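Student: Next one to model:
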Amino acid sequence: MPKSVLLNNVDHKNLRVITRRGAEFGDNQMLTPTFPSEFRDVQACYPIVFRKTTDGLGFEPVALFGFQEGENLFLKDGRWDALYLPMLVERQPFQIGISGDELMVHIDLDSPRVSDADGLAVFKEHGGNSEFLEQSTSLLGAIHQGLQGSPAFLAALLEHELLESFVLDVELDDGSQNRLVGFYTINEDRLAALGGDAIARLHLAGLLQPIYLAIASLSNFRALIERKNALHA
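Tutor: Below you'll find the predicted structure:
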């Protein structure tokens, strides 16, 4: 369980954060949640699909890094081998806390990224915020704002019955079989069948663009399969 505490420059004056990438830092994840305002950047590198939330009552968009639990095909030699790093990965080990209307920065002290000796300093020597912490705080603010757009987007997808489950069967060059199940994507036929009024409402609400970005992102499955082939070669 994460040990999330409110960050402060007294108790945590010597904390540092390791920004290298690798399985030893918890990066061996097959996906991360994302949100509509991030789709433009995410779709350049990763397939965007949807999964049911843990309570089973709703859906959330995710960026895929692999085909099975614990597989991240973008980890390579201590770095993330892609032009864009999704925000909810980049922000680790920091978390968003809310007190009234104010956003607070929390940190997971059990994260393998947290150190007293290695990585970037969180605070300056005399207690001020480091540039790294300022950047991380701005990132958390962007995440918080971006997540606010998800409910309306997902509600529109469900209203127009645009989500459908899919199964992806992949045969690798070595003959091994892989199957991706449990995810959903946008039904392009249903989208094309929507009337002009519905399309106009989606456009005016700013929801049409992320729909098409999510669809376009599926072309990244080809590159993901090639990464899997290279791993097995």
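Student: residue ranges for the helices of this structure, please.
Tutor: Along the chain, counting by DSSP state H, helices occupy 39-42, 87-90, 131-147, 150-159, 188-193, 196-204, 208-217, 220-232.
Student: Out of the ones you listed, the one nearest residue 18 is which?
Tutor: helix 131-147 (11.4 Å; C-beta to C-beta). All C-beta spots, glycine's among them, are computed from the backbone N, C-alpha and C.
Student: circling back: export the helices of the chain to CSV and tack on distance to residue 167, mean pLDDT and mean neighbour count?
Tutor: Shown next, in CSV, are the helices of the chain (distance: least, C-beta to C-beta, whole Å; pLDDT from 0 to 100; neighbours: other C-beta atoms under 10 Å):
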stretch, distance to residue 167, mean pLDDT, mean neighbour count
helix 39-42, 22, 98, 20
helix 87-90, 26, 97, 19
helix 131-147, 29, 96, 16
helix 150-159, 19, 96, 16
helix 188-193, 17, 97, 12
helix 196-204, 27, 96, 13
helix 208-217, 18, 98, 19
helix 220-232, 13, 93, 15
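Student: got those as a markdown table, with distance to residue 170 columns?
Tutor: Shown next, in a markdown table, are the helices of the chain (distance: least, C-beta to C-beta, whole Å):
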| stretch | distance to residue 170 |
| --- | --- |
| helix 39-42 | 21 |
| helix 87-90 | 24 |
| helix 131-147 | 31 |
| helix 150-159 | 26 |
| helix 188-193 | 21 |
| helix 196-204 | 32 |
| helix 208-217 | 17 |
| helix 220-232 | 6 |
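Student: Ok, which of these comes nearest residue 172?
Tutor: helix 220-232 (5.5 Å).
Student: the domain parsing of this protein - what is it?
Tutor: 1-30+65-148, 149-233 (automatic domain parsing).
Student: How much space separates residue 224 from residue 182?
Tutor: 16 Å (C-beta to C-beta, to the nearest Å).
Student: same thing with residue 191?
Tutor: Computed as C-beta to C-beta, the residue 191 to residue 182 distance reads 22 Å.
Student: and what of residue 198?
Tutor: 28 Å.
Student: Please apply the same query to residue 158.
Tutor: 18 Å.
Student: try residue 5
Tutor: 33 Å.
Student: Between those two, point out the one with more neighbours.
Tutor: Legend: neighbour count by other C-beta atoms under 10 Å for residue 5 and residue 182, higher for residue 5 (14 against 10).
Student: Which pLDDT value goes with the more buried one?
Tutor: On pLDDT, residue 5 comes in at 93.
Student: cool, the one 5 residues further on as well?
Tutor: The predicted local confidence for residue 10 comes out at a pLDDT of 91.
Student: so what's it up against?
Tutor: Taking C-beta atoms under 8 Å, 6 or more residues apart in numbering, we find residue 10 in contact with residue 127.
Student: From the structure, what's the count of residues near residue 31?
Tutor: Using other C-beta under 10 Å, residue 31 has 22 other residues around it.
Student: how near is it to residue 83?
Tutor: 18 Å.
Student: ok, now which ones touch the residue lying closest to residue 141 once chain neighbours are set aside?
Tutor: Excluding its sequence neighbours, the residue lying closest to residue 141 (C-beta to C-beta, 6 or more residues apart in numbering) is residue 103, at 6.4 Å. Going by C-beta under 8 Å, 6+ apart, residue 103 touches 96-97, 140-141, 144.
Student: cool, and residue 49?
Tutor: 61-62, 64, 166, 183-185, 218 are the contacts of residue 49 under C-beta under 8 Å, 6+ apart.
Student: residues in contact with the nearest residue to residue 156 once chain neighbours are set aside?
Tutor: Spatially, and ignoring its direct neighbours in sequence, residue 156 is nearest to residue 207 (5.1 Å; C-beta to C-beta, 6+ apart). Residue 207 is in contact with 36, 152-153, 156, counting by C-beta under 8 Å, 6+ apart.
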